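Enquirer: curious how this folds, go ahead:
(chains A and B)
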Amino acid sequence: MKKKSIIFIASCALIAILAILIGGKTAKRGRGIFERTPLSVDNTANVVSNIRKIGELTTGYYYEEMVLKDTKADTASILGMKIHDKDEIVLIAKGIVRAGFDLSKLSEEDISAKADTMIISLPEAEIFDVILNPSDFETYYEDGKWSQEALRPVKAAAKEKLKENAVNAGILSKARESAYDGIKSLFKSFGFREVDIRIEGE
Amino acid sequence: MLKRLIHWVLGILLIVASASCRPSIEKGISSRIASLSGTTELGTVEYTVRKIVRASDNQVWTVGDRKILFSTTSYLKAGVKLDGFSEDNVSYNKRENSITVTLPKASLLSFNMPPEEIRTEYESYGVFRSRFSEAEQNKILRLGEERIRKDIDNLGILNEAEKNTTDFFVAMFNQIGIEKVNVIFE
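Expert: Purely as a prediction, here's the structure:
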């Protein structure tokens, strides 16, 4: 009888402790017990570590969606029987490449005006940015554990591929073409009748 | 009876095995959709922003929590979009040799948080908890990215971009002989 009472009291105490723990957690969250708290990040400072004056005239823009697949060895076995040999991941990435002219390379001699003609000599068109932000990735399939460090090589390869594809698709010629149109209309709106654009290497 | 049971078990195992068998993933990158377009944007300032992105996950039904902390570096470029710029945006006074240029307000032109500059500084998880999956890590980083984007007005990057854009146009018009240059953003 005594033993039964002890078990009963211990069970009640255990239930009470669990209720307090769950109740405390629920009260803190302000949500139902089985409602999942969405992932959130803490408020941390955005620290500006550098400010750089630039003069980038972006005139070409490339967008591409790509599928990234990666694997890494990760073996697991039960009673000598291999049940898992590699981790796998499939990501969908949406990348952007921006290209144009670095106007900070212009010297005084590169801009001149004669009567109603504007003469501007631009440097060669170049790639400014190859962008793959966290918001540009979607995890389509994931098996095993992947850290940001483990994925770095495949993401770096994706950036290289993105840049290469942009160049092959003609981003630099598109940038030159848009610069002719954009700069001409810009200077014509300033009152110049003729705008003579010279691009280095053309 | 036993024979029948063995047949059933083997049948179920076969179904489970065939369902779990899928072609192995090969390493690689393949392109799906691509587009090329022209634009006219003048970027005049770049900010480097460093941010610690940290998150913890503690659910009611779980025993122990999970924590993760990343250090990130982002490059933000701001300036003015010149698409649609026309002579209506310019007013030249020949007598005073002055020009007034009306430009759109400065905006964020690009945001770049390179994967190679994202570092996992700390990760911990309880005995009964699993590590953060890649999808969860990415979600946390996305939230960090969102926080920086929402803080644009406080960073002062847009004011800096307008100041540098004004300097750019003043220097350019001075170069071609126009002395008084007035740049308005609206």
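Enquirer: what residue is smack in the middle of chain A?
Expert: Residue closest to the mean C-alpha point of chain A, counted by Cα atoms, centre = their mean, is residue A:133 at 0.7 Å.
Enquirer: number of nearby residues for the residue nearest to that residue when sequence neighbours are not counted?
Expert: Excluding the flanking residues, the one nearest residue A:133 by Cβ to Cβ, 6 or more residues apart in numbering or on different chains is residue B:113, at 4.9 Å. For the C-beta atoms, the positions are set from N, CA and C on the backbone; glycine is no exception. Residues contacting residue B:113 under the criterion other Cβ atoms under 10 Å in any protein chain shown number 25.
Enquirer: thought residue A:89 was touching residue A:67?
Expert: No: in this structure, residue A:89 is not within contact of residue A:67 by Cβ atoms under 8 Å, at 11.0 Å.
Enquirer: who's more crowded, these two?
Expert: residue A:89 (24 against 15).
Enquirer: would you state the strands of the chain in chain order?
Expert: Unless you meant another one, I'm taking chain A. With strands called from DSSP state E, chain A shows them at A:46-78, A:81-102, A:111-114, A:117-122, A:126-131, A:137-143, A:194-199.
Enquirer: not quite, I wanted chain B
Expert: Here chain B has its strands, by DSSP E, at B:28-57, B:66-81, B:90-93, B:98-103, B:107-112, B:119-125, B:180-185.
Enquirer: just so I know, which of these lies nearest chain A?
Expert: Closest approach to chain A among the strands of chain B (Cβ to the nearest Cβ): strand B:28-57, 3.2 Å.
Enquirer: quick one, the closest one and strand A:126-131 angle?
Expert: 50 degrees (axes from the mean of the first three to the mean of the last three Cα atoms, to 10 degrees).
Enquirer: quick one: low-confidence ranges for chain B?
Expert: Scanning chain B for pLDDT under 70 picks out B:1-2, B:9-25, B:59-63.
Enquirer: pick out the shakiest of the strands of chain A, pLDDT-wise.
Expert: Ranked by mean pLDDT, the strands of chain A bottom out at strand A:111-114, with a mean of 86.
Enquirer: what about it, near chain B?
Expert: Yes: counting by Cβ under 8 Å from any Cβ of the partner chain, contacts between strand A:111-114 and chain B involve A:111-113.
Enquirer: give me the number of residues near the nearest residue to residue A:128 once chain neighbours are set aside?
Expert: Nearest residue to residue A:128, sequence neighbours excluded (Cβ to Cβ, 6+ apart): residue A:98, at 4.7 Å. Using other Cβ under 10 Å, residue A:98 is surrounded by 25 other residues.
Enquirer: just how off-centre is stretch A:60-68 within its chain?
Expert: 12 Å (Cα atoms, centre = their mean, to the nearest Å).
Enquirer: buried stuff in it?
Expert: The neighbour-count check on stretch A:60-68 (16 or more other Cβ atoms under 10 Å in any protein chain shown) flags A:60-64, A:66, A:68 as buried.
Enquirer: and residue A:57, how far is that from residue A:195?
Expert: The gap separating residue A:57 from residue A:195 is 14 Å, by Cβ to Cβ, to the nearest Å.
Enquirer: residue B:138 reaches residue A:139, doesn't it?
Expert: Yes: with contact defined as Cβ under 8 Å, residue B:138 reaches residue A:139; the gap is 6.2 Å.
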